[in-house]
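S.K.: curious how this folds, go ahead:
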Amino acid sequence: MSAPRLFSFQPTIMSARRKFSAVGDTTMSILRHAVTASEAFPPLKGLAETALDIAGLVENFRSNKADWEELGVYVQEVTANVIDSLAGANSALGDRAARIEKLTGVLSEALDEIRTEQHERRAKRMNIDFHRDEEKIRGVRARIDEAIKMFQLSATVRTVVNVERTYNIAEANHRVLSGLAEHAASVRAKTDAIQQEASRLGTNAALGQLRHVRGASWDLSRVCLANTRVKLVDEILSWACTNHDGSDDQGESSNKPTKNNILLLTGVAGAGKSTIAHTVAHRCSQHGLLASSFFFQRGTKDRDTPDMLFTTLAADIARLDERLSTRIAAAIEDDTGLPFAPITTQFEKLILEPCQEYPLVRPLVVVIDGLDEGWNEDLLDILRDRVCRVPSTFHILVTSRMQPELDSLCRRAYVRRINMDIGGQENKDDISEYSRHRLWKLADHRNLRDDWPGDGLRAQFVSKACGLFLWVATVCDYLRNRGDPTKSLRALLEQDGQTDTSAENQMDRLYAMILESYDWTDEDFVASYSQVMGAAIASKTPLTISAIKELYGGQYIESDYTLHKLSPLLTGMSEAEHESSPVRVLHQSLRDFLVLRYKSCPQYSRFLVDERVMSSKLAALCLSALNRGLSQDMLITGYLSVRSQNRGVPKLNEGRISEALWYACRFWPDHVCDIKDGGTVEEELMSFMENHIVKWLEIMASHGKCRDLTEVRDWIEDKLSQEAVLQVQGSYEEECVALYRRVAAKDPDTYLCGLVLQINNLSRCLSNMGQHEEGLVLAKEAVILCQKPTANRPNICTSHLGSSLQRLSFCLSSVGRYEDALPPIQEAVDLRRKLAVDRPAVHISDLASSLHDLSSRLSRVGRYEDALPPIQEAICLRRKLAADQPAAYTSDLASSLHELSARLSKVGRYEDALPPIQEAVELSRRLAVD
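M.R.: Here you go, the predicted model:
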């Protein structure tokens, strides 16, 4: 978005919009001059600074953003108008100073409320009540309106700066600068150039937020062998080059739903669908038709779900046309959460709407391979019901094994399906050519005769392949490492007796034959098979052998020769590359065989790889690697410590830490959540949470990644002992307090309230773990901090003082100091009662909580009669709250009713004690049902 030009007034009267734009500039000018002109009249500085602080702070709101920003504009305009009006006032200087200080006080209270609201949202991850926001904003405006009545301003003057006066100033500026037109034009040209560059940088910054999956694009090394698949590839390319509104690639584009936007290529496992997808992507790229490609791969992080499919496509599409990049960037700027939104929203905002608004004349091809390895219902819904709305030039090639879920997609008029016929003559000819090529390469590698294995064996080999390219490739890789390739080939070809020749069973028998050829009596081989094959199956992204060894703590993982035996089943296991290349399962059909289909064939059980068990093993290995690796001094960490003088987050380039440690940093939460028995990792997890969690956060932030641990916290609460849960919570809160101490020391106006909140949270955790004395020390500190004024905010933590006093009272009671516990809770009640008068919607629930605790403290010291009024008042308040918001307050009401019954019983009113407890039981029943 280009910046407004300062002097572009026409001789005629400017439009209303231009005038109000000038008002905004004038307002900011008045406030900034007031801040810098403090020596002339110091009270104005505090007033102007507070107004500017509010304007800056409200920009941090994500919900109701427009309403909060409107409040910030209102505060600026009112304050600027007051300052402007005082310039010509005749009242005494002292009188003006007193009125300004009163207005400054009102704005300071508003600033504190806004800060508190933002801290509470971050700390509690609270659900946003939009009506509550509206009430807060109305309340702040009402108090400001009341305060500026002291300046005897009319309603119009109170809300906007005098537009006519601003306009007259602008007109004067125009007359003064009219003689500098040539210079202004030169400045304007330079400004335009700067604005264009700024716009470009802004667009790039927005597009940089799109999550792009590495390694998901097409691969030149995986295209079809020359002179194979020619007819099928040409048919797909012909479809890709045609606009499906009936015109060719030179015709006009259309936004109407069209036929054949999608070409669905289906076939059995091993038929070569992915190879065709790579070939089509390569050919389209050569002709400038490829918009993007995405190759799903089950078991590979970010490639086994569609969560980052459309952000990857959008990032690629944005490079095609400047209009598209600008439009996509604008969508992200309008909704900063778009890169992490549900994929349906991403498709609409990042793909559909930009392409509809700026349709390109030439065809665009998107290749999506292996749909069955990464789909979910949302993606199928998009392909089935939404893709039809993209322009006719937008073509999507999708490859997949045919599954029942695809039936409804195939029935759509705009979907064309091609099913690969592995028994057709064309496929047989291609298999023959491919087999000849692979057998020749094998003979060359093993220094066999030129015509090996002979026409007879070659013909049997082609027939045995049953049209499956994967079968040919797997057998040839297997024979590379056999002592006598000819003998092994004959043994393979002589196997028969199987009547089921389906592609799936054909591949299963091949996998079983290869696995059976290994020495399963060799304990070392069995161990290495479990380690390597288990890591290939269960890892969230492929690992190299060297990384697997490091995760196992340098443990020996068999000889190179034994590892090479697995090369027919795993990629990255050849002699030259096996230490440094990622290890992947050869094909999805092998994964299915090892993880799923062994159950139907008991004789294959020893080949089993239990993915969940292996993931649990990787969880333990990752945590152990983190505890080893992060215990060492690292130059990239320590910037969050209290002693660090560094500001900001340093960038960390790839390679600064080892592959294994980086894998552990990224994926330990995923593996931990796969564990059924938490006891297997409890010790390592506790050590990590207590000693290394901050270093882990620093490394992740330095890589530009922030990991949500919500699932881990849920897992800890469900799987670990109560003691461990409390220990984890305590470690978490300790780190939060340490971080807040650092930032609050430098900027108390902004962070002191947050520090108080975190100290109270840590105190609560310590009390829950039975460390009551330690919790008491922190509770006292929180109260002292609340009562400590800052240079600019004398009452910065007033709203937190009540909760801190209540916390202190609880801690004193927990250590047996019952009499000492009374004054803090009484003070908390008095404070919250005053706050509730001004802002009942915010403070009534807090007042009820303090009254409830006051009743408990009075009862604890034997003042049973005195304990009754507070709990009765608490019930009255909570009954009203529960009527308005039952889900939030019914539980509190039941608790207070239970307390009232106990109090009545203490004073001998047993009959009166019965109804409250009966009502409490009934409310608890309802809550249990819900």
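S.K.: now do the strands in the stretch 501-650 of the chain.
M.R.: 570-571, 584-585 (DSSP state E, counting those that start in this stretch).
S.K.: spell out for me which residue occupies the centre of this protein.
M.R.: Central residue of the chain (C-alpha atoms, centre = their mean): residue 340, 5.7 Å from the mean position.
S.K.: returning to what we had before: got JSON lines for the strands of the stretch 501-650 of the chain, with mean neighbour count, mean pLDDT and distance to residue 479 too?
M.R.: C-beta coordinates here come from the backbone N, C-alpha and C atoms, glycine included. What follows is the strands of the stretch 501-650 of the chain, written out as JSON lines (neighbours: other C-beta atoms under 10 Å; pLDDT from 0 to 100; distance: least, C-beta to C-beta, whole Å):
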{"stretch": "strand 570-571", "mean neighbour count": "20", "mean pLDDT": "79", "distance to residue 479": "16"}
{"stretch": "strand 584-585", "mean neighbour count": "22", "mean pLDDT": "82", "distance to residue 479": "20"}
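S.K.: those strands into JSON lines, with extra columns for distance to residue 909?
M.R.: Putting the strands of the stretch 501-650 of the chain into JSON lines (distance: least, C-beta to C-beta, whole Å) gives the following:
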{"stretch": "strand 570-571", "distance to residue 909": "78"}
{"stretch": "strand 584-585", "distance to residue 909": "73"}
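S.K.: now for these, which one comes closest to residue 350?
M.R.: Of all the strands of the stretch 501-650 of the chain, strand 584-585 sits nearest to residue 350, with 29.4 Å by C-beta to C-beta.
S.K.: what sits up against that closest one?
M.R.: Residues outside strand 584-585 that contact it (C-beta atoms under 8 Å, 6 or more residues apart in numbering): 297, 299-300, 536-537, 542, 569-572, 591, 594.
S.K.: got it, and stretch 415-424?
M.R.: 232, 235-236, 239, 259-268, 271-273, 402, 409-410, 427, 466-468, 503.
S.K.: so for residue 388, which of the strands of the stretch 501-650 of the chain sits nearest?
M.R.: Nearest of the strands of the stretch 501-650 of the chain (C-beta to C-beta): strand 584-585, 35.2 Å.
S.K.: ok now the closest one, how far from the chain's centre?
M.R.: 28 Å (C-alpha atoms, centre = their mean, to the nearest Å).
S.K.: same thing with stretch 420-431?
M.R.: Distance, centroid of stretch 420-431 to centroid of chain: 46 Å (C-alpha atoms, centre = their mean).
S.K.: may I see the buried residues of that stretch?
M.R.: Neighbour counts over stretch 420-431 (16 or more other C-beta atoms under 10 Å) mark 420, 422, 427-428, 430-431 as buried.
S.K.: in TSV: those, plus pLDDT.
M.R.: Compiled in TSV, these are given as follows (pLDDT from 0 to 100):
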residue	pLDDT
420	90
422	85
427	89
428	89
430	92
431	90
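S.K.: which of those residues sits closest to residue 392?
M.R.: Nearest to residue 392 out of the buried residues of stretch 420-431 is residue 420 (C-beta to C-beta; 26.3 Å).
S.K.: measure that closest one to residue 426 for me?
M.R.: 10 Å (C-beta to C-beta, to the nearest Å).
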